[in-house]
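*Asks:* need the 3D shape of this:
(one chain, ligands or ions: 1)
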Amino acid sequence: MVQRDKLYNLLKRNSLVYFFITLTLLPLFIFGCQSGEESPSAKESIYPDSTTHYRVDAEIKPASGQFEVSIDMRFVPDESTDTLQFLLHDSFKLDELKGQAVENYSTSPWRFGGKDTVHTKIITVALARTANPSDPVSLTWKYGGQLRNEQIPAIGGAVVSEHWTELPFEAIWIPQEASIGHRFTFEATIDLPENYELVSTGKLAETAEGWHIQSAIPGPDLPLVISDQMQKREFSKGSLPVTVYHGGAPDSLTTFVAERAGQILDRYAGRFQGGSETDELRITVAPVERATSSSYARTGFIALKHGIEPNMSLYELIAHEAAHLWWTDSVNPMSRHNFLNESFAEHEAWLALQEAYGDSVYQERLAKARKNAQKAPSFYDWKPRFDGALSYNKGPVLLHELHQRIGESDYRVFVEKLQEKNVGTLGGMIAVLGEVADAETSSWFEEKL
Ligand SMILES: [Zn+2]
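*Replies:* The predicted model follows:
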C-alpha cells in the first residue's frame, strides 16, 4: 500500500483535484511591471526575507471547535502578480482582510466534481499594485468560527474532538496560498484552555500568553495536535531525543514507536550527510479516528496515522517518515521531482527494514514494488494519478538497481552530495550521479526514469 503522508497526499493522486487547482492557479499568473511603494516590514533575521512569513495569534477551544484567529502575513509571491488566491476552511467567517496593497477581496466556494467535500473557500485578493518576489505585500487577517468534525475535509489526518484535535494542512485552518505548494516560516501564539497541551513542528514552548511555536525553516503548513489527555513516552538513548505523544495508547505500542524511532534516527544520522534540521523528534499517535488514516512528517515532527499496531509495517512507516526529516527540502511534490522526496524515503525505509528484519523481507518488498510499477509510465510523463506507482514503487526499485550497480560506498556519496547541494530536480540528480559515478551510469539511470 502506498504510504499516505505529506500534505499533498490526496492532491497528488487525485487528478480531478489537481485539475481544479490548476484552474484556480491560472489567475495568479498575471504579470505586471508596476513597482510598489510598500516595503516589507522589518523582521528578525531568523526568518529569511525571501520567504512568506505568518505571525499568528489564535484562541482555540477544542471542546466546542471554536476558533478566533488573527494573522499578520508578509506574502512573497513566486512570480509577479496583481491577484492572490488563498484557501480557508468554509466555517470561518472573515472579519477583516486588509493591507496597504489590498484593493478588495471576494470569496467563492472551492468545489470539485460537483460536490463540496473539502468545506473550503477560495479568497481572491485583488491588489492595488503588482506584487513580486522582491516586493512582497503585507496582509492582516482576522477570522473565526466553529470547526466541527463533520465538516473536516475528508482528505487527510484532521480531526476535531473534545480530547484530541489534529489540524494538519488539510484542515485549512490558516489561509493557504491556492497553489498548495507555497512555503512559509511562522511564529504563532496559540491560546488553549487550561490542561490542554499542544504538539507541533518547530520550536515549541508554553508561555503566559499561550503556546508559542516558531519555525524559521519554510514549510507548507502549521500543524497542530491538541489534547487535554496528552501522555508522553520518552526515549533519550539515541542521537536525538524522541517523545511519543499519545492519548492512552498501550505501553507496547508507545515503547515500540519511541525505541524504533530512536534506532532509525541513529541509523540515518550515521548514513546521511548533515543534520535533519532538528534537535529532537516529536511523534504523535492519535487515539481517535481521523478523516483518513494518513501519516506525515515535518521538521522535527511526525504525525502517525490512527489504528497502528507494533509490527513490521509500523517499523517501515516510521522508517519512511523519519527519512523525510532528511528529505524535505527543495522538492516540489506536485511533480516528477517527487522522486527525490518519496522514492529516496521509501528506499531508505526498505534498507532499514532489511537491517532490522532480514533480507527476505527486503526482497519481498522489492518484488511487490516491481509488480506495482509494472504499468508505471516514465517519470517524464508524471501525472498526479501515477505518483503512487512512480514515486513509491518504480522510484525505489530504480534506486535499488542503482545501489546494486555502483555499490554501497558510491551510493552513499551520491546521497550525501544530493543533500549537501539540496538538489530538488531530476536533472540535478542525474548531474550529481554523473559526478559520483560516470557518464555511462548517469545516462543508464536517466533512461530508466
Ligand atoms: Zn513519504
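*Asks:* could you use CA atoms for every contact and neighbour count after this?
*Replies:* Noted.
*Asks:* where in the stretch 301-449 of the chain is pLDDT low?
*Replies:* Residue ranges of the stretch 301-449 of the chain with pLDDT under 70: 328-330.
*Asks:* domain map for this protein?
*Replies:* What automatic domain parsing lists as the domains of the chain is 38-227, 230-328, 332-449.
*Asks:* can you redo those as TSV with mean neighbour count?
*Replies:* Conversion of these to TSV gives the following (neighbours: other CA atoms under 10 Å):
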stretch	mean neighbour count
domain 38-227	19
domain 230-328	20
domain 332-449	18
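*Asks:* packing partners for the longest strand anywhere in the chain?
*Replies:* Longest strand in the chain, counting residues (DSSP state E): strand 120-131. Packing contacts for strand 120-131, counted by 3 or more CA pairs under 8 Å, 6 or more residues apart in numbering; DSSP states H and E, involve strand 81-89, strand 102-109.
*Asks:* so how far is the first one off the chain centroid?
*Replies:* The gap between the average C-alpha position of strand 81-89 and the chain average comes to 20 Å, counting by CA atoms, centre = their mean, to the nearest Å.
*Asks:* who are the packing partners of that strand?
*Replies:* strand 120-131, strand 176-177.
*Asks:* tell me the contacts of the closest residue to E162 other than its chain neighbours?
*Replies:* Distance criterion CA to CA, 6 or more residues apart in numbering; nearest residue to E162, sequence neighbours excluded, is A63 at 4.1 Å. By CA atoms under 8 Å, 6 or more residues apart in numbering, A63 lies in contact with 161-163.
*Asks:* what about A63, is that helix, strand or coil?
*Replies:* coil (DSSP: H, G, I helix; E, B strand; the rest coil).
*Asks:* quick one: it from W211, how far?
*Replies:* Distance of A63 to W211, given as CA to CA, to the nearest Å: 17 Å.
*Asks:* now Q231
*Replies:* 17 Å.
*Asks:* next: T425.
*Replies:* T425 is 37 Å from W211, by CA to CA.
*Asks:* returning to that earlier point: and of the helices and strands packed on strand 120-131, who's closest to T120?
*Replies:* Distance to T120, taken as CA to CA, is lowest for strand 81-89 among those, at 4.4 Å.
*Asks:* what pairs with the closest one, and is each one parallel or antiparallel?
*Replies:* strand 120-131 (antiparallel), strand 176-177 (antiparallel) (DSSP bridges).
*Asks:* would you turn the ones you listed into TSV with mean pLDDT?
*Replies:* Converted to TSV, those look like this (pLDDT from 0 to 100):
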stretch	mean pLDDT
strand 120-131	96
strand 176-177	94
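*Asks:* adding distance to A58, write these out as JSON lines.
*Replies:* As requested, the strands paired with strand 81-89 are exported to JSON lines (distance: least, CA to CA, whole Å):
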{"stretch": "strand 120-131", "distance to A58": "19"}
{"stretch": "strand 176-177", "distance to A58": "16"}
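*Asks:* remind me which residues of the stretch 51-200 of the chain are low pLDDT?
*Replies:* 112-116.
*Asks:* three-state assignment of I46?
*Replies:* coil.
*Asks:* from Q176, how far off is it?
*Replies:* 22 Å.
*Asks:* repeat for Q214
*Replies:* For Q214, the distance to Q176 - CA to CA - is 17 Å.
*Asks:* same check on F169?
*Replies:* 8 Å.
*Asks:* overlap in contacts of the two?
*Replies:* In contact with both F169 and Q176: D221, using CA under 8 Å, 6+ apart.
*Asks:* so what's Y47 up against?
*Replies:* Contacts of Y47 by CA under 8 Å, 6+ apart are 53, 185, 216-217.
*Asks:* what about those, which are in helices?
*Replies:* Assignment to helices by DSSP state H places none of the contacts of Y47 there.
*Asks:* need the max-distance pair from those.
*Replies:* H53 and I217 (10.4 Å).
*Asks:* any shared contact partners between these two?
*Replies:* 47, 184-185.
*Asks:* need the strands for the stretch 51-200 of the chain, in chain order.
*Replies:* 52-61, 66-75, 81-89, 93-98, 102-109, 120-131, 137-146, 165-167, 176-177, 184-191, 197-199 (DSSP state E, counting those that start in this stretch).
*Asks:* in JSON lines, list the ones you listed along with distance to T441.
*Replies:* What follows is the strands of the stretch 51-200 of the chain, written out as JSON lines (distance: least, CA to CA, whole Å):
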{"stretch": "strand 52-61", "distance to T441": "40"}
{"stretch": "strand 66-75", "distance to T441": "43"}
{"stretch": "strand 81-89", "distance to T441": "42"}
{"stretch": "strand 93-98", "distance to T441": "54"}
{"stretch": "strand 102-109", "distance to T441": "50"}
{"stretch": "strand 120-131", "distance to T441": "44"}
{"stretch": "strand 137-146", "distance to T441": "47"}
{"stretch": "strand 165-167", "distance to T441": "44"}
{"stretch": "strand 176-177", "distance to T441": "40"}
{"stretch": "strand 184-191", "distance to T441": "37"}
{"stretch": "strand 197-199", "distance to T441": "45"}
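*Asks:* ok, S335 to P396 distance?
*Replies:* Following CA to CA, the distance that separates S335 from P396 is 16 Å.
*Asks:* now the closest residue to I60 other than its chain neighbours: how far from P193?
*Replies:* Distance criterion CA to CA, 6+ apart; nearest residue to I60, sequence neighbours excluded, is F67 at 4.7 Å. Plainly put, F67 is 12 Å away from P193 if you go by CA to CA.
*Asks:* so what sits against both of these two?
*Replies:* 60-61.
*Asks:* for the helices and strands packed on strand 120-131, which one sits closest to A376?
*Replies:* strand 81-89 (32.2 Å).
*Asks:* kindly export that closest one (C-alpha atoms) in PDB.
*Replies:* C-alpha atoms of strand 81-89 as PDB (Å, rounded to 0.1, in the frame of the first residue of the first chain):
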ATOM      1  CA  THR A  81       1.100  39.100  -9.800                       C
ATOM      2  CA  ASP A  82      -1.700  41.500  -9.000                       C
ATOM      3  CA  THR A  83      -4.100  38.900  -7.700                       C
ATOM      4  CA  LEU A  84      -3.600  36.500  -4.800                       C
ATOM      5  CA  GLN A  85      -5.700  33.400  -4.000                       C
ATOM      6  CA  PHE A  86      -5.900  31.700  -0.700                       C
ATOM      7  CA  LEU A  87      -7.800  28.700   0.600                       C
ATOM      8  CA  LEU A  88      -9.500  28.700   4.000                       C
ATOM      9  CA  HIS A  89     -12.000  26.500   5.800                       C
END
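*Asks:* quick check: angle from it to strand 66-75?
*Replies:* 160 degrees (axes from the mean of the first three to the mean of the last three CA atoms, to 10 degrees).
*Asks:* centre of the chain to the helix ranked longest in the chain, how far?
*Replies:* In the chain, taking DSSP H as the definition, the longest helix is helix 395-420. Relative to its parent chain, helix 395-420 has a centroid offset of 24 Å by CA atoms, centre = their mean.
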